[in-house]
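Novice: Sequence and predicted structure, then a few things I'm wondering about:
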Amino acid sequence: MSASVKGFRDSQSGSGALFEDVYLIDGKRTPFGKYTGGLSSMSPTDLGILAGRAAIEAAGVPAAEIDQTIVANIGQASADCFFLPRHIALYSGAPQQSTALLTQRICGSGMELLGQAAEQIALGKAQLVLGCGTDTMSRFPLASYSARQGFPLGRPEFVDLLWEALNDTAAVPMGCTADNLAREYNLSREEVDAFAMRSQERYAAAQQNGFFEGEIAPIAPKGVLEMGDYNPRKYRLNSREAVAADEHPRRTTMEQLAKLPFVFSKEGPTTAGSASGIVDGAAAMMVASGDYVRAHGLKPLGKIRGFAASGVRPDIMGIGPAPSIRLLLKQLGMQLGNIDRFEINEAFSAQCLAVARELQLDEDKLNINGGAIAIGHPLGATGVRLTLTCLKTLHRDGKQFGIASACIGGGQGIALAVEAC
């Protein structure tokens, strides 16, 4: 058997591809740092390099054999951002003759890059691909789009790109889409808060049991990233101390959550406690053909079985995972009951809960180690993190099939199916 791909298109549901003999060898992620926290002084490029190096080491493959590097980054939060994918590739050890590109499907970018990596392998354009998602959301810039053209005295125009990222100018702010779904699915404030509480509790239990130690690569308080003849890259953490664990998770109670004010609409129910965390971080995975895996005697985490993306109404963008999961399962000839574990991004409690209700998911299979309400949602990295967590959960629990999925600002959804090896 050799790697292959079969694309599909459904005019009512979306499009995607199914794969044979394409593997996810292993991966790692940085800790996710809280907003303006320990990692906020690092560029997304440096976070991506550290995640890439850690993924290469975990996979046990020579960086010199990387054919392509595919990177997701949304915020472009450093002055050298135009070079971000190439710099992540080169400083991770990929050879100069290899290539690098940037992909962007907002919150679904991490899964998109893994699907693109699988396509490149199935098309014979690569045997080994480094996939990396990275964002330093604390560094999303204040920008002036009109300064070059001049401005009236005392009236410079600047926008906060982090704040603007939360607003879909074609419809409504992101949080309002969650509130819209809460109304459509009759979700109460108490139900939404309880889902957020459960995310925090499940994360705390998984952390206490050492689950996240298997996917996190700690970051030293300062360092110099060197590779060959390239100029050294220096970094120093904002905390001045090493960061070895996620900074956003917090202990809370239903009483504390109930006191938080609504953020996006007068009716709610979304609050700061039931929204994903704004965080900084990167995640990376190594994708390879079956021929490469067998030739090197590797033991991969799993196979990529397929991925699908769907479009939905922008004002209820959070429901996007539902049609993409349905479409993907239909193409795979599988049922929801065949899937052992779901990792669906918790952009908002109401949004993720609406997806679960729409699909009638067994919530004991959903985000069983907590989700983005606790961990946070660094836009470009999340899809890779979800996929890595899904596979490691399948291995821990002795299960076979998993799906990672996310809603996407503007009205899309994406899903990626994996099978544990």
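Specialist: That came through fine.
Novice: in the protein, what residue sits furthest out from the centroid?
Specialist: Note on the chain: the largest separation between a C-alpha and the mean C-alpha position, by CA atoms, centre = their mean, falls on Leu153 (42.6 Å).
Novice: Does Gly371 touch Phe348 like I think?
Specialist: No - taking CB atoms under 8 Å as the definition, Gly371 is not a contact partner of Phe348, at 10.7 Å. Every C-beta, even on glycine, is put in place using the N, C-alpha and C of the backbone.
Novice: which residues are common contacts for those two?
Specialist: By CB atoms under 8 Å, 6 or more residues apart in numbering, Gly371 and Phe348 have these common neighbours: Ser276.
Novice: before we move on, the earlier item: who touches the residue farthest from the centre of the chain in this structure?
Specialist: Taking CB under 8 Å, 6+ apart, we find Leu153 in contact with no residue.
Novice: wait, is it part of a strand?
Specialist: No - the assignment for Leu153 (DSSP: H, G, I helix; E, B strand; the rest coil) gives coil, which keeps it out of a strand.
Novice: ok, now how distant is it from Ser146?
Specialist: Using CB to CB, to the nearest Å, one gets 14 Å for the distance from Leu153 to Ser146.
Novice: For stretch 374-381, measure first residue to last.
Specialist: End-to-end span of stretch 374-381 (CA to CA, to the nearest Å): 15 Å.
Novice: before we move on, what about stretch 11-25?
Specialist: With CA to CA as the measure, the first residue of stretch 11-25 is 33 Å from its last.
Novice: And for stretch 61-72?
Specialist: Where stretch 61-72 begins and where it ends lie 22 Å apart, using CA to CA.
Novice: tell me what whichever strand or helix holds Ala100 is packed against?
Specialist: Ala100 belongs to strand 99-103 when elements are defined using DSSP states H and E. Identification of packing neighbours for strand 99-103 by 3 or more CB pairs under 8 Å, 6 or more residues apart in numbering; DSSP states H and E yields strand 68-72, helix 84-91, helix 109-122.
Novice: Adding mean neighbour count, write these out as CSV.
Specialist: Compiled in CSV, the helices and strands packed on strand 99-103 are given as follows (neighbours: other CB atoms under 10 Å):
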stretch, mean neighbour count
strand 68-72, 28
helix 84-91, 25
helix 109-122, 28
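Novice: right, so of those, which gets closest to Phe32?
Specialist: Evaluated with CB to CB, those place helix 109-122 nearest to Phe32, the distance being 12.9 Å.
Novice: May I have the closest one as PDB, with CA atoms only?
Specialist: Output of helix 109-122 as PDB, limited to C-alpha atoms (Å, rounded to 0.1, in the frame of the first residue of the first chain):
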ATOM      1  CA  SER A 109      -6.100  26.400  10.500                       C
ATOM      2  CA  GLY A 110      -4.300  23.800  12.600                       C
ATOM      3  CA  MET A 111      -6.500  21.000  11.200                       C
ATOM      4  CA  GLU A 112      -6.300  22.500   7.800                       C
ATOM      5  CA  LEU A 113      -2.500  22.400   7.800                       C
ATOM      6  CA  LEU A 114      -2.500  18.700   8.800                       C
ATOM      7  CA  GLY A 115      -5.000  18.000   6.000                       C
ATOM      8  CA  GLN A 116      -2.800  19.900   3.500                       C
ATOM      9  CA  ALA A 117       0.200  18.000   4.700                       C
ATOM     10  CA  ALA A 118      -1.600  14.700   4.100                       C
ATOM     11  CA  GLU A 119      -2.600  15.900   0.600                       C
ATOM     12  CA  GLN A 120       1.000  16.800  -0.200                       C
ATOM     13  CA  ILE A 121       2.200  13.300   0.900                       C
ATOM     14  CA  ALA A 122      -0.600  11.500  -1.000                       C
END
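Novice: export the helix or strand following it as PDB, just CAs?
Specialist: Later in the chain than helix 109-122, the nearest helix or strand by DSSP H and E is strand 128-136. Backbone C-alpha positions of strand 128-136 (Å, rounded to 0.1, in the frame of the first residue of the first chain) are rendered in PDB as follows:
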ATOM      1  CA  LEU A 128       7.900  13.900   5.600                       C
ATOM      2  CA  VAL A 129       6.100  17.200   6.600                       C
ATOM      3  CA  LEU A 130       6.500  19.400   9.700                       C
ATOM      4  CA  GLY A 131       3.100  20.900  10.500                       C
ATOM      5  CA  CYS A 132       3.000  23.800  13.000                       C
ATOM      6  CA  GLY A 133       0.400  26.200  14.300                       C
ATOM      7  CA  THR A 134       1.500  29.300  16.400                       C
ATOM      8  CA  ASP A 135       0.000  32.500  17.700                       C
ATOM      9  CA  THR A 136       1.100  35.000  20.400                       C
END
